[in-house]
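> Just need the structure, nothing else, for what follows:
(one chain, ligands or ions: 1)
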Amino acid sequence: MDIIEALQRRLQEESLDAMLLYNFESSNRSGIAYVSGFSGSFAVAIVSHKGNFLITDSRYYTQAAQESTFQLVKLESGEKVEDLAAEIFSHHGMKKVGFESDKITHARFLSFSRAAGDVDFVESNSLVTDLRAVKSAEEIERIKEAVRIAEESLTETLNVIKAGKSEVEIAAALEYEIRKRGGIAAFSTIVVSGERSALVHGTPSERKIREGDFVLIDFGAKYLEYCSDITRTFCVGSPGGKMAEVYEVVYRAQKNARQSAQAGVIGKDLHHVAQSVIEEAGYGEYFGHGLGHGLGMDVHEAPGASPTNDKPLKEGNVITIEPGIYIPGEFGVRIEDDVVIRENGIEVLTSFERELMVL
Ligand SMILES: [Mn+2]
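Next comes the predicted model:
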């Protein structure tokens, strides 16, 4: 079943006449791209049984016609997108319209409400989100390609990860390798070293790598709209103190979580598999984030393998598994893989070495 059919079925179940999707300067680019195929930075999409419409401005008339089968509605200069949407609602008798309150500003919502005075807007945040969480075979192929580009790029960058190189230099080299392979960085590459590796989402700095440092690299490639997200922690020279021990704990937590993941497992229970390994080793206070998150057109999407997800994971979900231990002022370790949830386990998409690599 294609995405539009599935969405239209959901509209029927929810007794909605239409669904309104909104993307202002890339605020919800992936949502519109997923539903309509249009990948530009600005559009309003309306999905209904009466037809599917895409409103965008003159920057995108040609591109929208190429990328999407939706009926193009041209927003001319001086016109308001809310007025064009209201015309579509009224022309087709759409009275009850779903919208995503988590994807639109309050001001813009009020503006749509004023323009379409007799439309009853219904908060419908899960419709598209739930569809996106379960990946088709084609989507998984694209994520695999994004993983392949990322892993090849990381392999190529290994010879830059050495004493004397700065975090910024390593990040730049890695992103260049991704570019050369036709991808783009899925998000701003994280390279943090030494005591900075304890900064969970630190920004690369001019700090130069020293012998005995951990170098934590969290990055991804985006290819044909789909993302990979991988973290590896390397040691430049021999690991000192408790570095190897901590790495081993994270490695075991990550492995146990991978072995426990399958359809039907509750998101937070999977998190607790990794958390309990880290707690039993005495590092519980140093693992503060969720074990993983959904991955697709966005780097972070549903479902989460986190303490806040009470729902079971489903066949076809793609999630990350990424426990970590971060000791402030000392060092941090994280290992992150991308996996597909299957009925009896997982399909691991990432294959880069997980054991501690000493460079
Ligand atoms: Mn991640």
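> so where's the chain shaky on pLDDT?
Scanning the chain with the threshold set as pLDDT under 70 gives 1.
> what does it have sitting close to the ion?
D229, T320 (CB under 5 Å from the ion). (Glycine included, C-beta is placed from N, CA and C.)
> Show me the domain layout of the chain.
Domain assignment of the chain by automatic domain parsing yields the ranges 3-132, 134-348.
> next helix or strand past the longest helix along the chain?
The helix that spans the most residues within the chain, counting by DSSP state H, is helix 137-157. Next helix or strand after helix 137-157 toward the C-terminus (DSSP states H and E): helix 167-180.
> Could you report the neighbour count for V35?
Using other CB atoms under 10 Å, V35 has 23 other residues around it.
> That one: which element?
helix 29-36.
> dump the residue contacts of the residue in the stretch 1-150 of the chain that the ion sits nearest to.
The minimum distance from the stretch 1-150 of the chain to the ion, using CB to the ion, falls at A150 (11.9 Å). Contact analysis of A150 by CB atoms under 8 Å, 6 or more residues apart in numbering lists I178, G183, F219, G220, A221, S228, I230.
> how about 10 Å then?
Counting by CB atoms under 10 Å, 6 or more residues apart in numbering, A150 touches 174, 177-178, 181, 183, 185-186, 219-223, 227-230, 338, 350, 352.
> now do E167
Applying CB under 10 Å, 6+ apart, we find E167 in contact with 189-194, 196-197, 202-209, 215-217.
> What's the ChimeraX line that selects buried ones from those?
The buried residues among the contacts of E167 can be selected in ChimeraX (16 or more other CB atoms under 10 Å) with this line:
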select :189,190,191,192,193,194,196,197,202,204,207,209,215,216,217
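> Among the contacts of E167, which are located in strands?
Cross-referencing these against strands under DSSP state E gives I190, V191, V192, S193, V215, L216, I217.
> what separates the last one from T157, distance-wise?
So that's I217. As judged by CB to CB, to the nearest Å, I217 and T157 stand 8 Å apart.
> Identify the contacts common to these two.
Taking CB under 10 Å, 6+ apart as the criterion, I217 and T157 both touch I170, A171, L174, V191.
> Stretch 214-228: which residues count as buried?
Neighbour-count burial for stretch 214-228 [16+ other CB under 10 Å]: 214-223, 225-228.
> Of these, which is the nearest to the ion?
Nearest member of the buried residues of stretch 214-228 to the ion, counting by CB to the ion, is D218, at 6.6 Å.
> Would you list the phi and psi of the residue in the stretch 51-200 of the chain that the ion sits nearest to?
Nearest residue of the stretch 51-200 of the chain to the ion: F187, at 8.7 Å (CB to the ion). Dihedral pair for F187: phi -160, psi 170, per degrees, to the nearest 10.
> Next step: the contacts of A150 restricted to helices.
L174, E177, I178.
> The residue positioned nearest the centre of the chain and P323, how far apart?
The chain has V299 as the residue nearest its centroid, 1.6 Å off, counting by CA atoms, centre = their mean. Shown here: V299 relative to P323, a distance of 18 Å by CB to CB.
> Contact partners for the residue in the stretch 101-250 of the chain that the ion sits nearest to?
For the stretch 101-250 of the chain, the residue closest to the ion is D229, as judged by CB to the ion, at 4.1 Å. Applying CB under 10 Å, 6+ apart, one finds that D229 lies in contact with 143, 146-147, 150, 186-187, 218-222, 292-293, 295, 299-300, 318-320, 322, 336-338, 350.
> Among these, name the buried ones.
Buried subset of the contacts of D229 (neighbour count, 16+ other CB under 10 Å): 143, 146-147, 150, 186-187, 218-222, 292-293, 295, 299, 318-320, 322, 336-338, 350.
> just to revisit the earlier point, turn the domains of the chain into CSV, including distance to V358.
Shown next, in CSV, are the domains of the chain (distance: least, CB to CB, whole Å):
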stretch, distance to V358
domain 3-132, 38
domain 134-348, 5
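> Can you give the distance of the helix holding V35 from its chain's centre?
Remark: helix 29-36 is offset 14 Å from the chain centroid, using CA atoms, centre = their mean, to the nearest Å.
> again with stretch 5-14
25 Å.
> What are the contacting residues of it?
1-2, 16-19, 21, 34-35, 47-49, 52, 96-98, 122, 124, 126-128, 130-131, 134.
> Assumed P239 was part of a strand.
No. Judged by DSSP: H, G, I helix; E, B strand; the rest coil, P239 forms no part of a strand; its state is coil.
> Let me know the distance separating it from P204.
Distance, P239 to P204, by CB to CB: 21 Å.
> same question, K80
Distance check for K80 against P204: by CB to CB, it reads 42 Å.
> bridging residues for the nearest residue to T350 once chain neighbours are set aside?
Using CB to CB, 6 or more residues apart in numbering and skipping residues adjacent in sequence, the residue nearest T350 is D337, 4.3 Å away. Applying DSSP bridges to D337 gives these bridge partners: I321.
> these two touch, right, D337 and L349?
Yes. With contact defined as CB atoms under 10 Å, D337 counts as touching L349 (7.4 Å).
> anything in contact with each of these two?
V147, I230, T320.
> which ones are touching the first one?
Listed by CB under 10 Å, 6+ apart, the contact partners of V147 are 220-221, 223, 226-230, 295, 337-338, 348-352.
> Mind doing that once more with 8 Å?
Contacts of V147 were listed using CB under 8 Å, 6+ apart, and they are A221, S228, I230, D338, L349, T350.
> Repeat that for V265.
Contacts for V265 (CB under 8 Å, 6+ apart) come out as P312, L313.
> If we use 6 Å, what do you get?
Residues counted as contacts of V265 (CB atoms under 6 Å, 6 or more residues apart in numbering) are L313.
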